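Peer 1: output the structure for:
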Amino acid sequence: MQTPFRVIAAFAVISVIACGGPSGVGGPTSPTGGGNGSSTVVLNDDFGGRALFSSSNWWNQDISNAPVDPDSSAYINFVGAGRTLHPDFGPPPYGIPYVSVGESQGRVPVTFVSYGSESDAGFGGVTGYPIPDAARTQPGYIEGNQPGGGTSGDRHLIIVDRDRLLLFELFATRWNGSANRWEAGSGAIFDLTKSDRRPDGWTSADAAGLAILPGLVRYEETMSGREIRHAFRVTVRATNGYVWPASHRAGSTMSALPMGARLRLKASKNLSSYSPALQRIFRAMQVYGLIVADNGSDMYITGAMDSRWNNGELNPGFGSLSASDFEVIQLGWR
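Peer 2: A predicted model of the protein is given here:
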């Protein structure tokens, strides 16, 4: 079983990744051997194989025996029973990057331009987010792979303070050079030692009000040989309200799934023909499922941007599964 973050008060990262990413002074590094110093910025950190949040958190909850929702078939038909899965990640610029930093990384203020009243300005009495200076000028930090974030797309910026066990997430992130400030549409900070849900009606850096990083398909985790013990983030084209564990709505389309709905790959699906890596991903879908977290393309599964992903394996593998291979578990089940 994976050791959750909450068991460790502070730790040095045990496992690091040799990943093609930003380089140069101040950029994320992938040191080999030993632990990371408190000032090191690490791209696609594996956190020594430790789970994000505890095993009781909704992202890590075993739903293999959860009851099927009575309207499961109707929901699947709304999505489109023949709609195939797609890996919404791969080598740059595809997927959502993330970095880890040490406690010495300074926090900088962020100006929220869209959902300020539902965003976290800071944590523990300290204002700001620990954004490395290099994120202003180097690719690889912000979704879309544009230095400073650019001006279009979701532009998620995800940072883990590995010493304080805090997760910082921003949406629509942008370095505004003319104003000399970081801007974002919204932002949320999660204590990885707890399972606190956002207040009802609040968003996060994701439409559903959930954390993003725990739901990503991550390369190092997938290739490690260990089982993946968490759900994945999925998008659908339209949603209708929200159910637990989500806290925020982003639509009211009749017959559509709500934010927070969970889909489970049917246990009857035979996975033996897939590669070991794809088997691990798809088994996680059978045990932990998919959580609807945003509006987007139907059945797009979110993962981390990583130069080592092989789209020649991912695309046909995911494309061999369709919505009809899934069932919706009882809405709000816990």
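
Peer 1: for this structure, what's the longest helix?
Peer 2: helix 276-287 (DSSP state H).

Peer 1: past that helix, which element shows up next along the chain?
Peer 2: strand 290-295 (DSSP states H and E).

Peer 1: check contacts around I158.
Peer 2: Neighbour list for I158: I96, P97, Y98, V99, L167, F168, E169, L170, A205, I212, L213 [criterion: Cβ atoms under 8 Å, 6 or more residues apart in numbering]. Just so you know, the C-beta spots here come from the backbone N, C-alpha and C atoms, and that holds for glycine as well.

Peer 1: residues in contact with the longest helix of the chain?
Peer 2: Looking at helix 276-287 with Cβ under 8 Å, 6+ apart, the contacting residues turn out to be 62-64, 217, 222-223, 225, 227-232, 264-267, 269, 271-272, 274, 313-314, 317, 321, 326.

Peer 1: at 6 Å what do you get?
Peer 2: Outside helix 276-287, the residues that touch it by Cβ atoms under 6 Å, 6 or more residues apart in numbering are D62, S64, T222, M223, I228, L265, A267, L271, G317.

Peer 1: can I get the contacts of I158 in a markdown table including pLDDT?
Peer 2: Conversion of those to a markdown table gives the following (pLDDT from 0 to 100):
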| residue | pLDDT |
| --- | --- |
| I96 | 98 |
| P97 | 98 |
| Y98 | 98 |
| V99 | 98 |
| L167 | 98 |
| F168 | 99 |
| E169 | 99 |
| L170 | 99 |
| A205 | 98 |
| I212 | 98 |
| L213 | 98 |
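
Peer 1: hmm, back to that, could you work out the most separated pair of the contacts of helix 276-287?
Peer 2: M223 and A267 (24.6 Å; Cβ to Cβ).

Peer 1: what about these two, which has more around it?
Peer 2: More crowded of M223 and A267, by other Cβ atoms under 10 Å: M223, with 16 against 10.

Peer 1: nearest residue to that one in space, please, no chain neighbours.
Peer 2: A277 (5.9 Å; Cβ to Cβ, 6 or more residues apart in numbering).

Peer 1: just the buried residues out of the contacts of helix 276-287, in PyMOL syntax.
Peer 2: Per 16 or more other Cβ atoms under 10 Å, the buried members of the contacts of helix 276-287 correspond to this PyMOL selection:
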select buried, resi 222+223+228+265+317
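
Peer 1: tell me the one of the contacts of helix 276-287 nearest D196?
Peer 2: D62 (20.8 Å).

Peer 1: show me where the stretch 1-150 of the chain dips below the pLDDT cut-off.
Peer 2: 1-38 (pLDDT under 70).

Peer 1: all the helices of it, in order from the start?
Peer 2: 72-79 (DSSP state H, counting those that start in this stretch).

Peer 1: then the stretch 201-334 of the chain?
Peer 2: 219-223, 276-287, 311-319.

Peer 1: what's in contact with the first one?
Peer 2: Which is helix 219-223. By Cβ under 6 Å, 6+ apart, helix 219-223 touches I17, D46, I228, A277, R280, D306, R308.

Peer 1: among those residues, which are in strands?
Peer 2: Among the contacts of helix 219-223, none falls in strands (DSSP state E).
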